[in-house]
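Novice: Need coordinates for the below:
(4 chains)
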Amino acid sequence: MKLTVLYFAWLRERIAEPREEVETEAATVGALVEELRARGPRHAAAFADMGAVRVALDQDLATMDAPLAGVREVAFFPPMTGG
Amino acid sequence: MKLTVLYFAWLRERIAEPREEVETEAATVGALVEELRARGPRHAAAFADMGAVRVALDQDLATMDAPLAGVREVAFFPPMTGG
Amino acid sequence: MAVRVEHAPFDYGREAAAFERAAARAGAGAVVTFCGIVRDRPGGGLDCMEIEHYPGMTERALAGIEAEARHRWALSAALIVHRYGPMAPGETIMMVATAAPHRADAFQAAEFLMDYLKSRAPFWKKETGAGQAQWVAARDEDEAALSRWGDKAAPRPEGDAGKS
Amino acid sequence: MAVRVEHAPFDYGREAAAFERAAARAGAGAVVTFCGIVRDRPGGGLDCMEIEHYPGMTERALAGIEAEARHRWALSAALIVHRYGPMAPGETIMMVATAAPHRADAFQAAEFLMDYLKSRAPFWKKETGAGQAQWVAARDEDEAALSRWGDKAAPRPEGDAGKS
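Specialist: Numbering: from 1, shown residues only, chains lettered A, B, ... in the order given. You can find the predicted model right below:
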């Protein structure tokens, strides 16, 4: 399965890329995070504290146990600070 | 004691005067209302339902048992509808 | 920190803009404004709403309400503008504006000002339409809304709930 | 019924005025506006606040929040405008406006919009000053403020309270 993975705010800065194309068989967001962490120290730093990471699947907020089947765009970012 | 008595909204319309000068020895607002009521049918109509009458003494909201000593201006009006 | 009681129409957008700019200079991060508009009757037919007030007491009551709001919340700025006289449906009746470092204070203070204005400032509305004139009755909800702020600022007058 | 995500500054007073006039035509009796302003740091020294957002999801999230507000309250009109990009202290960041027949609905809907915007719309603030840049941490109060509206519109993401 081919996914577009987006990073925002300090996750983007730690990974030093705003997006990457990922080929994965991960069944859930959590499994995808494990795979991404293994990519190197930048990714490991970005995902070091999962309490501070939020995820959206195809632009809807989701949880880390959400399935990835059918998903095309996954975004990781810190808690939002709008307004 | 000489008082200026003011009427607003439908109290003013029932009494057909916005103000009158009153010479009274009434000790409280309630006693003054009794005296005013005796002035005639217009006053009696205005003060027929005291649940719908509010009072201010020298421009501060007050209650019907408030003393009149030292007061110069008494105003009667219905519940307020600002905003 | 201003209270105005006026006959003439005022420009809500201009007032809101000036308030916001002054609030920004005062270090506010949050501005809330409320404005009230003359509503037509459900089926139409309202020709005029006339607001009577008690000159002298009105300014005094509004200044007291505003001072109480400033006492309860850390406001960077506050404004009350209220018109009197005849108005047509769609006209702006009044506005309040509050500014504070954070939004919770600005929202609460604006709602507080409105709740007190509705039931404790000496204004009375009379509607004319279809050849008939009628004083607007006070709404029980407006009296009830005051209870959430405690009794300190404006004791409940005696008498039944505010139906006239 | 409009949601706008924009880079350029907008004129809050002009927006508020246009909104109020449209609300009056739609029969509203009450208009509430909120606007957020870039606050300097307590001792000064903020050079810039930059807002990053998630193009596409932002518009989607704001439209969803606005639709939920319209579902919950009988609104005559609603507006959300939110900027992104770099801003100086004192600049207007965003605004919401709500209109309804009565004030309680307008106030509640405006507070609801703000509470959801703060914690569920994909915006992130970064402050630069005194040579240092720092992402603004989410405030626990903002997450807590959501609880008063129930969970329906935006489930709590997993993880600890929103400290980054």
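
Novice: What confidence value was assigned to residue 72?
Specialist: Just so you know, I chose chain A. Note for A:Arg72: predicted pLDDT of 98.

Novice: meant chain C, my bad for not saying
Specialist: pLDDT, C:Arg72: 97.

Novice: number of nearby residues for it?
Specialist: 16 (other Cβ atoms under 10 Å in any protein chain shown). The way it works is simple: take the backbone N, C-alpha and C, and place the C-beta from them, glycine included.

Novice: And for C:Met87?
Specialist: So C:Met87, with other Cβ under 10 Å, has 18 neighbours.

Novice: how much space is there between it and chain D?
Specialist: 12 Å (Cβ to the nearest Cβ, to the nearest Å).

Novice: cool, and C:Phe123?
Specialist: 15 Å.

Novice: those helices in chain A, which residues are they?
Specialist: A:9-15, A:29-37, A:41-46 (DSSP state H).

Novice: how about the shortest one as CSV, C-alpha atoms only?
Specialist: The one in question is helix A:41-46. Provided in CSV are the C-alpha atoms of helix A:41-46 (Å, rounded to 0.1, in the frame of the first residue of the first chain):
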residue,chain,number,x,y,z
PRO,A,41,17.2,9.1,14.4
ARG,A,42,15.2,12.0,12.9
HIS,A,43,12.1,9.9,12.7
ALA,A,44,12.8,8.3,16.1
ALA,A,45,13.1,11.9,17.6
ALA,A,46,9.8,13.0,16.0
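
Novice: Would you mark the buried spots in stretch A:73-83?
Specialist: Within stretch A:73-83, the residues that count as buried by 16 or more other Cβ atoms under 10 Å in any protein chain shown are A:Val74, A:Ala75, A:Phe76, A:Phe77, A:Pro78, A:Pro79, A:Met80, A:Thr81, A:Gly82, A:Gly83.

Novice: Show the end-to-end separation of stretch C:40-57, please.
Specialist: In stretch C:40-57, first residue to last residue: 29 Å (Cα to Cα, to the nearest Å).

Novice: would C:Lys125 count as being in a helix?
Specialist: No. Under DSSP: H, G, I helix; E, B strand; the rest coil, C:Lys125 sits outside any helix and is assigned strand.

Novice: Show the model's pLDDT score for it.
Specialist: On the pLDDT scale, C:Lys125 gets 98.

Novice: Distance check, the closest residue to it other than its chain neighbours against chain D.
Specialist: Nearest non-adjacent residue to C:Lys125, counting by Cβ to Cβ, 6 or more residues apart in numbering or on different chains: C:Val136, 4.0 Å away. C:Val136 sits 12 Å away from chain D, taking Cβ to the nearest Cβ as the criterion.

Novice: Could you report the pLDDT at residue 29?
Specialist: Let's take chain A. 98.

Novice: That was the other one, I meant chain C.
Specialist: If you check C:Gly29, the pLDDT there is 97.

Novice: what does C:Gly43 give?
Specialist: Each residue has a pLDDT score; the one for C:Gly43 is 84.

Novice: And the one 3 residues further on, by the same measure?
Specialist: Residue-level confidence at C:Leu46 comes out at 96, pLDDT.

Novice: next one: C:Ile93
Specialist: On pLDDT, C:Ile93 comes in at 98.

Novice: hmm, the helix or strand containing it in reach of chain A?
Specialist: For C:Ile93, the enclosing helix or strand under DSSP states H and E is strand C:92-100. No. Against chain A, strand C:92-100 shows no contacts by Cβ under 8 Å from any Cβ of the partner chain, the least distance being 14.0 Å.

Novice: Return the list of strands paired to that strand, each annotated with direction.
Specialist: strand C:30-37 (antiparallel), strand C:77-83 (antiparallel) (DSSP bridges).

Novice: check contacts around residue 77.
Specialist: All of this refers to chain A. Contacts for A:Phe77 (Cβ atoms under 8 Å, 6 or more residues apart in numbering or on different chains) come out as A:Tyr7, A:Phe8, A:Ala9, A:Leu11, A:Val53, A:Arg54, A:Val55, A:Ala56, D:Tyr54, D:Pro122, D:Trp124.

Novice: think we crossed wires, I meant chain C
Specialist: Per Cβ under 8 Å, 6+ apart, neighbours of C:Ala77: C:Met1, C:Phe19, C:Ala22, C:Ala23, C:Ala26, C:Ala28, C:Ala97, C:Thr98, C:Ala99.

Novice: Quick check: buried residues in stretch C:37-56?
Specialist: In stretch C:37-56, counting by 16+ other Cβ under 10 Å, buried: C:Ile37, C:Val38, C:Arg39, C:Asp40, C:Leu46, C:Met49, C:Ile51, C:Glu52, C:His53, C:Tyr54.

Novice: could those residues be laid out in a markdown table, adding secondary structure and distance to C:Thr128?
Specialist: Output for the buried residues of stretch C:37-56, formatted as a markdown table (DSSP: H, G, I helix; E, B strand; the rest coil; distance: Cβ to Cβ, whole Å):
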| residue | secondary structure | distance to C:Thr128 |
| --- | --- | --- |
| C:Ile37 | strand | 17 |
| C:Val38 | coil | 12 |
| C:Arg39 | coil | 14 |
| C:Asp40 | coil | 12 |
| C:Leu46 | strand | 8 |
| C:Met49 | strand | 8 |
| C:Ile51 | strand | 12 |
| C:Glu52 | strand | 13 |
| C:His53 | strand | 17 |
| C:Tyr54 | coil | 21 |
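
Novice: From B:Arg37, how far off is the residue in chain C that chain A sits nearest to?
Specialist: Nearest residue of chain C to chain A: C:Arg103, at 7.4 Å (Cβ to the nearest Cβ). Remark: distance between C:Arg103 and B:Arg37 (Cβ to Cβ, to the nearest Å) = 51 Å.

Novice: neighbour-wise, which of these two wins?
Specialist: Between C:Arg103 and B:Arg37, counted using other Cβ under 10 Å, C:Arg103 has the larger neighbour count: 23 against 16.

Novice: Show me the beta-bridge partners of the nearest residue to A:Phe8 once chain neighbours are set aside.
Specialist: For A:Phe8, ignoring the flanking residues on the chain, the nearest one in space by Cβ to Cβ, 6+ apart is A:Phe77 at 3.8 Å. Per DSSP bridges, the residues bridged to A:Phe77 are A:Arg54.

Novice: And for C:Phe123?
Specialist: C:His53.

Novice: Number of residues surrounding residue 25?
Specialist: No chain in the question, so chain A it is. Neighbours of A:Glu25 using other Cβ under 10 Å come to 9.

Novice: if you could check chain C rather than the one you did, that'd help
Specialist: Look at C:Arg25: counted by other Cβ under 10 Å, it has 12 neighbours.

Novice: if I read this right, it contacts D:Arg39, doesn't it?
Specialist: No. The criterion here is Cβ atoms under 8 Å, and C:Arg25 misses it with D:Arg39 at 11.5 Å.

Novice: how about the contacts of A:Phe77 in TSV, adding distance to C:Arg14?
Specialist: Formatted as TSV, those follow (distance: Cβ to Cβ, whole Å):
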residue	distance to C:Arg14
A:Tyr7	44
A:Phe8	38
A:Ala9	37
A:Leu11	43
A:Val53	45
A:Arg54	41
A:Val55	45
A:Ala56	40
D:Tyr54	35
D:Pro122	34
D:Trp124	34
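
Novice: where in chain C is pLDDT low?
Specialist: For chain C, residues meeting the criterion pLDDT under 70 lie at C:1, C:151-164.

Novice: Can you name the residues of it that neighbour chain D?
Specialist: So far as Cβ under 8 Å from any Cβ goes, chain C lies against chain D at C:11-14, C:16-18, C:20, C:23-25, C:27-40, C:90-92, C:101, C:103-104, C:106-107, C:110-111, C:114, C:141, C:145.
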